[in-house]
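>>> Generate coordinates for the sequence data below:
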Amino acid sequence: MNLQHRRNSRAPDKRSPTPNHTRSCERLTEVARHDQVQLQLPGAPEYGRVARIAAAHLALRRGFSLNEIDDLRLVIDEAVVMLLGPGLPTGRLDITYSVEGDEVGVDARVLSDPDIPLPVDRMDRFAELVGELVDSYDIDPATYRIRLSKRKAAV
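Okay, the predicted model is just below:
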């Protein structure tokens, strides 16, 4: 399993000479405005936990509510089940998480050479169970790929 973290921009160091917890929290938020995290996981559903934890951590850093984080975790679980369930081609699962502003984006796909497209019943299950929990999603059954995004609710 490979884990890569790429930060596109970095804010200047604004540390004060005296410790200030509030200021350091603000700096962390400023630094993390544009993150991209890439995971390469073995193509087995049991690695879904790693994918779910990564998404939850990124949403937590962006200030998502606990309910929004739980929704995102459930969506990632269902995406992994859809892409890696029994009877489907096996291959490495590549996931790219992108964070910009108040939005977490996920692009997940199975790297294999599938002979058959992703079954319609799996896409229907995803749509029925968690489709309403994200702001947008797009499933490409020919390439075993899903792109989705979730925005933090306005306060």
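
>>> mind listing the helices in this protein by residue range?
With DSSP state H, the ranges of helices along the chain come out as 21-31, 48-61, 66-84, 120-130.

>>> among those helices, which is nearest D113?
helix 66-84 (14.6 Å; Cβ to Cβ). C-beta coordinates here come from the backbone N, C-alpha and C atoms, glycine included.

>>> Point out where the chain drops to low pLDDT.
Scanning the chain with the threshold set as pLDDT under 70 gives 1-33.

>>> JSON lines for the helices of the chain, including distance to V106?
As requested, those are arranged in JSON lines below (distance: least, Cβ to Cβ, whole Å):
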{"stretch": "helix 21-31", "distance to V106": "21"}
{"stretch": "helix 48-61", "distance to V106": "7"}
{"stretch": "helix 66-84", "distance to V106": "7"}
{"stretch": "helix 120-130", "distance to V106": "12"}
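
>>> And for D94, the neighbour number?
As a burial measure, D94 scores 17 neighbours (other Cβ atoms under 10 Å).

>>> again with E128
Per other Cβ under 10 Å, the neighbour tally for E128 reads 10.

>>> just the one 5 residues further on next, same as before
L133 is flanked by 18 other residues according to other Cβ under 10 Å.

>>> which ones are touching it?
L133 makes contacts with 71-72, 74-75, 150, as judged by Cβ atoms under 8 Å, 6 or more residues apart in numbering.

>>> if I look at it, how far off is D94?
22 Å (Cβ to Cβ, to the nearest Å).

>>> Count residues in the vicinity of Q38, would you?
Neighbourhood size, Q38 [other Cβ under 10 Å]: 16.

>>> please renumber so the chain begins at 50
With 50 as the first residue, the last one maps to Q87.

>>> give me the beta-bridge partners of it?
When assigned by DSSP bridges, Q87 has beta-bridge partners Q53, T145.

>>> Go ahead and confirm it touches S147.
No - Q87 lies out of contact with S147 (Cβ atoms under 8 Å); the separation is 9.6 Å.

>>> before we move on, back to that, which among the contacts of L182 end up buried?
Neighbour counting with 16 or more other Cβ atoms under 10 Å marks 120-121, 124, 199 as buried within the contacts of L182.

>>> What separation do you get for S198 and D189?
Computed as Cβ to Cβ, the S198 to D189 distance reads 15 Å.

>>> who's more crowded, the two?
Remark: of S198 and D189, S198 carries more neighbours, 16 against 12, as counted by other Cβ under 10 Å.

>>> still on that earlier bit, quickly compare the helices of the chain and say which is most buried.
helix 115-133 (a mean of 20; mean count of other Cβ atoms under 10 Å).
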